[in-house]
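Trainee: Kindly return the folded structure for what I paste below:
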Amino acid sequence: MTPRSVPPAAPPEPSGAPRQPGMLHVRFRTVDGTPVSAGCFEQLLGLLAQFTPVIEALPPDAALVDVRGALRYFDRDAVGLAELVRLRALAWHGVRCTIGIGANPLLARMAAQGAAPGEIRAVPEGAPAVAAFLDRRPVSALHGVGPATARALCAYGLDSVGRIAAAPPATLQRILGARTGRIVYERARGIDPTPVTPNAAARSMGAEHRFHRDELDPARRRRALLSLADELGARMRASGQVARALTLTVRYADRSTTTRTRRLDGPTAHGPALTEAAYALHAALGLQRARVRSVALRAEDLCRAERAARQLTFDPSDDKAHRIEAAVDRARARFGTGSVRPAATLGQTGWTPPPPGSKPLGPGVNRP
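Mentor: The predicted structure follows:
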């Protein structure tokens, strides 16, 4: 089968008809357990497109896939298609797939959460089987339930999905509010009407730096963060987007990770603002003698730059930094992305990144 031979999308289901299991949540990892590169991720999305056009990319390493329209075409059930995807990804790209299968995106996500690397796990059909699958899972396992919502529910003894499903909807709405309470109640019962949206606009953008050896020096880690923040800012400005939040992920020598997210003061793609937030996230971790293998930054909750308001300031240095940044963008557009970089990322001897809390300078400007 060639990439151009693509089965049609699933036809719309009659109102009230049960949704057949055909949602896949696919998570990609290299054989040694590290995340895939951006280029490899694009190739893997192309592999999925050989089975169905209904693919929602979840950068940097996952995707939601609706294969209901491909089941008859390939004469396989969802598990059979998942096995074929896993085999081709490993044979053609050297990538292992962890795949969750369910009747809707929520169940597919949760099946993938509990699966071992390279495993295919399917949620059984039928309301009793779905209830048994969800019953003892913690409330935080529900997609979209954040730490604050989980704490509010646990304070009332609703610390598992099964207990939430058994609670009256009115009780959940009093605790969480009308809209959130209704959504949490439905998800606790395995109900998720969210469709898989092909070619959805990216809501996040990430970059990662892997050290040549396990890094103990906090100055070198901040230097890597400066480079990542500058790269993210340039990519967002080029695409006309701004971020409302920034996430830092630190991977250690034992392959464990720590992830922290910080809301920005306002939507921005300004390199110094992103750098300042990255430094603050790094400092808050309090890494003393930690052996760090890689650091990654992810700009979250993206929106179009023209829809975001910018806070006016009378600080001439802020206006100067934005002008320098615009000039750097023009130079990169003409001479290439590597033509201009922050001087601090060049690794010259004796330079130490500024301490947390100090204001980063603009791109291409070094401290005396």
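Trainee: Look up how far Ala111 lies from Pro267.
Mentor: 34 Å (C-beta to C-beta, to the nearest Å). To be clear about C-beta, it is placed using only N, CA and C from the backbone, and glycine gets the same treatment.
Trainee: Kindly report the same for Thr258.
Mentor: Distance from Thr258 to Ala111, by C-beta to C-beta: 25 Å.
Trainee: what about the two, which has more around it?
Mentor: Taking other C-beta atoms under 10 Å, Thr258 and Ala111 do not tie; Ala111 has more neighbours (23 against 13).
Trainee: That one and Asp230, how far apart?
Mentor: 38 Å.
Trainee: again with Leu87
Mentor: Distance from Leu87 to Asp230, by C-beta to C-beta: 40 Å.
Trainee: between these two, who's got more neighbours?
Mentor: Relative neighbour count places Asp230 above the other of Leu87 and Asp230, with 26 against 11, counting by other C-beta under 10 Å.
Trainee: Secondary structure class of that one, three-state.
Mentor: helix (DSSP: H, G, I helix; E, B strand; the rest coil).
Trainee: Would you mind confirming that it makes contact with Ala278?
Mentor: No. Judged on C-beta atoms under 8 Å, Asp230 makes no contact with Ala278 at a distance of 10.1 Å.
Trainee: Give me the common contacts of those two.
Mentor: Residues touching both Asp230 and Ala278 by C-beta atoms under 8 Å, 6 or more residues apart in numbering: none at all.
Trainee: And the strands in the stretch 101-250 of the chain?
Mentor: Assigned by DSSP state E, counting those that start in this stretch, the stretch 101-250 of the chain shows strands spanning 120-122, 204-215, 241-252.
Trainee: Redo those as JSON lines? Include mean neighbour count, mean pLDDT and distance to Arg182.
Mentor: What follows is the strands of the stretch 101-250 of the chain, written out as JSON lines (neighbours: other C-beta atoms under 10 Å; pLDDT from 0 to 100; distance: least, C-beta to C-beta, whole Å):
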{"stretch": "strand 120-122", "mean neighbour count": "21", "mean pLDDT": "94", "distance to Arg182": "27"}
{"stretch": "strand 204-215", "mean neighbour count": "16", "mean pLDDT": "89", "distance to Arg182": "26"}
{"stretch": "strand 241-252", "mean neighbour count": "21", "mean pLDDT": "91", "distance to Arg182": "25"}
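Trainee: Out of those strands, the one nearest Val184 is which?
Mentor: Evaluated over the strands of the stretch 101-250 of the chain, closeness to Val184 peaks at strand 241-252, with 22.0 Å, by C-beta to C-beta.
Trainee: following the closest one, which helix or strand comes up?
Mentor: Per DSSP states H and E, strand 241-252 leads on to strand 257-268 as the next helix or strand towards the C-terminus.
Trainee: buried sites along stretch 182-191?
Mentor: Ile183, Val184, Tyr185, Arg187, Ala188, Arg189, Gly190 (16 or more other C-beta atoms under 10 Å).
Trainee: now, among those, which is nearest to Gly146?
Mentor: The closest of these, once distances to Gly146 are taken by C-beta to C-beta, is Val184, at 11.0 Å.
Trainee: Quick one: list the elements packing against the helix or strand Glu276 falls within.
Mentor: Element membership of Glu276, judged by DSSP H and E, is helix 271-285. In this structure, helix 271-285 packs against helix 218-239, strand 241-252, strand 257-268, strand 292-300, with contacts taken as 3 or more C-beta pairs under 8 Å, 6 or more residues apart in numbering; DSSP states H and E.
Trainee: Next, format the ones you listed as TSV and append distance to Asp135.
Mentor: Below are those laid out as TSV (distance: least, C-beta to C-beta, whole Å):
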stretch	distance to Asp135
helix 218-239	41
strand 241-252	31
strand 257-268	27
strand 292-300	31
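Trainee: closest to Ile175 out of these?
Mentor: strand 257-268 (23.5 Å).
Trainee: list the buried ones in that closest one?
Mentor: Neighbour-count burial for strand 257-268 [16+ other C-beta under 10 Å]: Leu264, Pro267, Thr268.
Trainee: tell me the mean pLDDT for that strand?
Mentor: Per-residue pLDDT over strand 257-268 has a mean of 89.
Trainee: Note down every partner strand of that strand and its orientation.
Mentor: strand 241-252 (antiparallel) (DSSP bridges).
Trainee: quick check, distance from the strand it pairs with to the centre of its chain.
Mentor: On the basis of C-alpha atoms, centre = their mean, to the nearest Å, strand 241-252 is displaced by 9 Å from the centre of the chain it belongs to.
Trainee: neighbouring contacts of that strand?
Mentor: 205, 225, 232, 236, 257-264, 266-269, 274, 277-278, 281-282, 285, 287, 290-305, 308.
Trainee: and Pro123, what does it touch?
Mentor: One correction, residue 123 is Val, not Pro. 21, 100-103, 107-108, 110-111, 129-130, 133, 190.
Trainee: for the stretch 1-150 of the chain, which spans come out with low pLDDT?
Mentor: 1-20 (pLDDT under 70).
Trainee: Which stretches in this structure count as helices?
Mentor: 38-48, 71-74, 78-93, 105-113, 127-134, 147-154, 161-166, 169-176, 178-188, 218-239, 271-285, 316-335 (DSSP state H).
Trainee: Go through those helices and name the closest to Pro342.
Mentor: helix 218-239 (5.4 Å).
Trainee: What angle do strand 204-215 and that closest one make with each other?
Mentor: 160 degrees (axes from the mean of the first three to the mean of the last three C-alpha atoms, to 10 degrees).
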